[in-house]
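K.L.:
sharing a model prediction with you, sequence too.
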Amino acid sequence: MARSEYRAYCQRTQSADYEDTAYSDLSEALFRQFGPTGVWDPRLAKSLSFQAHLYLGMAEQHMHGLQTLLEGVVPGLPLGPAARSVAEASGRAVWLLDNRLGLERGDARRRVARLLLDREEGERIRKRVAYDFDHPQKAETSLSYILARDAIRRPGCFYASEIDIDPRTGIVTLCGERLPGPSGFVRIAGEIFGDDPGETAGLYGYVSAMTHPTVFAFVETMSDLSSLPEGWTEIPWNLDGEFATKLASNAVRSFYNAWRAWIGWTNTGMDEAFVVHNAHVALNNS
């Protein structure tokens, strides 16, 4: 249901102009921001919005994978990586659109810092993969990476006083912002939407244990071996519907929260999202 309602939402909002929204307000605010190279480009607001929307789209695709596994009654272990991917992609979208930040002055700069940190990581990974495969466009990926790297490490958009590079690790803190790890994105998204920190960490830790993998997570996808009849020769998978439902429910909640963040950013209405919310509440109360 979440995916079908999201597709309906995308169809309804495909021609939205995003005027009088946080998106347009940030664009206007960037006209009033300066750095060593001059006035900031307001198109950075569009880049940030586009990046967040891409992560939301990634989360929806991973939900498609999770749905396919559930419909195929696949044993529990493969559900973990899919659920984890939904949470991580959703967390990145929420981090970029964080509604705890304003749209003016320092908060506007922090938003752009997050965008540039995220972009640098993506270009760094792209370059590494291109060189590992000796890709014919590896030189192009190297140039893109250098531009993204310099944007967070050298004065340009930001003043030197806003750039802090750890001399030991090389980790960049830009305008007070540092790129979280995968678990950090999930944790921050949970904080923004008021989830219990312990539960967020526990669930993410468990699906990570299913992904890495760890033996205990694999063993827990099997039935109790002592209860099997003598001579049993098949792998005793535990097709636990309750466990699968809980994983899917939490993955949908992660996606729903990122979707809400996008709706709030673009002021495009909660009609379809409310359908998902009501179904989620009904399922958890049944």
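P.N.:
Alright, I've got the coordinates. Note that the structure is predicted; figures quoted are calculated from it, not measured.
K.L.:
quick one: the helix or strand residue 242 falls within to chain centroid distance?
P.N.:
Element membership for residue 242, per DSSP states H and E: helix 241-266. Mean-position distance between helix 241-266 and its chain equals 11 Å (Cα atoms, centre = their mean, to the nearest Å).
K.L.:
repeat that for stretch 145-165.
P.N.:
On the basis of Cα atoms, centre = their mean, stretch 145-165 sits 24 Å off its chain's mean C-alpha point.
K.L.:
what does stretch 43-63 give?
P.N.:
Relative to its parent chain, stretch 43-63 has a centroid offset of 9 Å by Cα atoms, centre = their mean.
K.L.:
quick check: mean pLDDT across that stretch?
P.N.:
For stretch 43-63, mean pLDDT is 97.
K.L.:
same deal with stretch 162-176?
P.N.:
Across stretch 162-176, the average pLDDT comes to 97.
K.L.:
which residues touch the most centrally placed residue in the chain?
P.N.:
Nearest to the mean C-alpha position of the chain, by Cα atoms, centre = their mean, lies residue 89 at 2.4 Å. Residue 89 is in contact with 55, 56, 58, 59, 62, 258, counting by Cβ atoms under 8 Å, 6 or more residues apart in numbering. Bear in mind the C-beta positions are built from the backbone N, C-alpha and C, glycine included.
K.L.:
please, which helix or strand holds it?
P.N.:
Using DSSP H and E, residue 89 falls in helix 79-96.
K.L.:
and that helix with helix 241-266, angle?
P.N.:
20 degrees (axes from the mean of the first three to the mean of the last three Cα atoms, to 10 degrees).
K.L.:
please, where are all the strands along the stretch 101-250 of the chain?
P.N.:
Applying DSSP state E, counting those that start in this stretch to the stretch 101-250 of the chain gives strands spanning 163-165, 172-174.
K.L.:
can you redo those as CSV with distance to residue 195 and mean neighbour count?
P.N.:
CSV is the format used below for these (distance: least, Cβ to Cβ, whole Å; neighbours: other Cβ atoms under 10 Å):
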stretch, distance to residue 195, mean neighbour count
strand 163-165, 30, 15
strand 172-174, 26, 20
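K.L.:
with distance to residue 49 added, can I get the ones you listed in CSV?
P.N.:
As requested, the strands of the stretch 101-250 of the chain are exported to CSV (distance: least, Cβ to Cβ, whole Å):
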stretch, distance to residue 49
strand 163-165, 24
strand 172-174, 19
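K.L.:
nearest to residue 80, of these?
P.N.:
strand 172-174 (31.5 Å; Cβ to Cβ).
K.L.:
and the closest one, what does it pack onto?
P.N.:
Other elements packing on strand 172-174 under the criterion 3 or more Cβ pairs under 8 Å, 6 or more residues apart in numbering; DSSP states H and E are helix 105-132, helix 138-153, strand 163-165.
K.L.:
can you tell which of these is closest to residue 26?
P.N.:
Closest to residue 26 of the helices and strands packed on strand 172-174, according to Cβ to Cβ: helix 105-132, at 6.2 Å.
K.L.:
for the closest one, buried residues please.
P.N.:
Residues 107-120, 123, 126-127, 130 are the ones in helix 105-132 that count as buried (16 or more other Cβ atoms under 10 Å).
K.L.:
so for it, mean pLDDT?
P.N.:
97.
K.L.:
relative orientation of that helix and helix 79-96 in degrees?
P.N.:
Taking the same axes, to 10 degrees, one finds that helix 105-132 is oriented at 140 degrees with respect to helix 79-96.
K.L.:
gap between helix 105-132 and the chain center?
P.N.:
Put simply, helix 105-132 sits 14 Å off its chain's centre (Cα atoms, centre = their mean).
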